[in-house]
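Novice: the sequence and its predicted three-dimensional model are supplied below.
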Amino acid sequence: MNIVFLGPPGSGKGTYASRIAPQLGIPHISTGDLLREAVAKKTPLGKKAESYMKKGALVPDDIIMQIVKERLGKKDARPGFIFDGFPRTIEQADSLERIRRVEIVINLKIPDFVIIQKILARRTCEKCGEIYNIAHIKFGKVNMPPVSPKKLGICDKCGGKLVSRSDETEQIIKDRLDVYRKQTQPLIDYYTKKKLLRNVDVIGSPEVMVPIIMAEIKKSKK
Ligand code: ADP
Ligand code: ZN
């Protein structure tokens, strides 16, 4: 199946995609990850992309399409893919349509205030990068239990100290969400017109969300 995931930063999109893709026997493809890899390896494309990424700007469509085409050319992507972070523009969506036909677009919906609470409550292990979350978000049908360490402030895996990322202030998160909504709205309209969009409310932990998203994908398979 050819699948696209849309969802704001902090919605858990990458986590869901990485768990669902192996169940479907297809790769989870994140253009952010592909770009960071290209930058780290200092490939010609990576060198071109780096300055845009540093500014937080979108990397030009032609560079993105080159890395996407290359990735889709690999054998594991023959039966399908889950894209995460791509397409980001109508031009990218149109170019993708010319190479592979998208069959379903999962649009993860989650209110901004929940994302802000979640991101601010995130704690990362200084040593090994393991992520925890100290907030318990509960309202209406939403129930997101915390992912707590056994000992307060200490990583279960390695005993390292848990810290919050200082770059993630409320204002920065809000700005990022605004940019996301502005960029993504045209794509939501685009895929709605093609009758491919499926809205999924984020109401719980990945354990709860993965089966819900899987069911939505299976419904569209027939
Ligand atoms: P985020 O946007 O949440 O920081 P990503 O990992 O999705 O995380 O992307 C990191 C950066 O890579 C973006 O800020 C952008 O510069 C670039 N990028 C990733 N995917 C695309 C895309 N489809 N089109 C343009 N730029 C992209
Ligand atoms: Zn650790």
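Specialist: Everything's here; your move. Ligands and ions are numbered 1, 2, ... in the order given.
Novice: all contacts plus neighbour counts: C-alpha atoms, from now on.
Specialist: Noted.
Novice: can you show me the helices along this protein?
Specialist: Taking DSSP state H as the test, the helices found in the chain are 13-24, 31-40, 44-55, 61-72, 90-99, 112-120, 170-193, 206-221.
Novice: which helices and strands does the longest one pack with?
Specialist: Based on contacts counted as 3 or more Cα pairs under 8 Å, 6 or more residues apart in numbering; DSSP states H and E, the elements that helix 170-193 packs against are helix 90-99, helix 112-120.
Novice: okay if I get those as CSV plus mean neighbour count and mean pLDDT?
Specialist: What follows is these, written out as CSV (neighbours: other Cα atoms under 10 Å; pLDDT from 0 to 100):
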stretch, mean neighbour count, mean pLDDT
helix 90-99, 14, 97
helix 112-120, 18, 92
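Novice: want to try CSV for those, with distance to ligand 1 as columns?
Specialist: Listed next are those as CSV, based on distance: least, Cα to the nearest ligand atom, whole Å:
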stretch, distance to ligand 1
helix 90-99, 7
helix 112-120, 12
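Novice: how close does the residue of the chain most remote from its centre get to H136?
Specialist: Farthest-out residue of the chain from its mean C-alpha position, per Cα atoms, centre = their mean: K151, at 29.3 Å. For K151, the distance to H136 equals 17 Å [Cα to Cα, to the nearest Å].
Novice: around ligand 2, pick out the residues from the chain.
Specialist: C125, C128, C155, C158, G160 (Cα under 5 Å from the ion).
Novice: run the last query once more with 8 Å
Specialist: For the chain, the residues in contact with ligand 2 (Cα under 8 Å from the ion) are 124-130, 154-162.
Novice: most neighbours, which of these?
Specialist: Neighbour counts for those (other Cα atoms under 10 Å) peak at C155, which has 25 neighbours.
Novice: touching, that one and V163? I think so.
Specialist: No: judged on Cα atoms under 8 Å, C155 makes no contact with V163 at a distance of 10.0 Å.
Novice: find residues that contact each of those two.
Specialist: The overlap between the contact sets of C155 and V163 (Cα atoms under 8 Å, 6 or more residues apart in numbering) consists of C125.
Novice: quick one: contacts for the residue nearest to Q117 when sequence neighbours are not counted?
Specialist: Counting by Cα to Cα, 6 or more residues apart in numbering, A135 is the residue found nearest to Q117 once chain neighbours are left out, at 7.3 Å. Going by Cα under 8 Å, 6+ apart, A135 touches Q117, K118, A121, R122, P145, P146.
Novice: kindly recompute the last result at 10 Å.
Specialist: Q117, K118, I119, L120, A121, R122, M144, P145, P146, V147, S148 (Cα atoms under 10 Å, 6 or more residues apart in numbering).
Novice: do G140 as well
Specialist: Contacts of G140 by Cα under 10 Å, 6+ apart are I203.
Novice: now swap in A215 and tell me
Specialist: M209, K221.
Novice: what's the closest of the contacts of A135 to L72?
Specialist: Closest to L72 out of the contacts of A135 is I119 (31.9 Å), distances taken as Cα to Cα.
Novice: what does this structure put close to ligand 1?
Specialist: For the chain, the residues in contact with ligand 1 (Cα under 6 Å from any ligand atom) are 9, 31-33, 52-53, 56-59, 64, 85-88.
Novice: weed out the non-buried ones from the residues you listed.
Specialist: For the residues of the chain next to ligand 1, a burial check counting by 16 or more other Cα atoms under 10 Å picks out P9, T31, M53, V59, I64, G85, F86, P87, R88.
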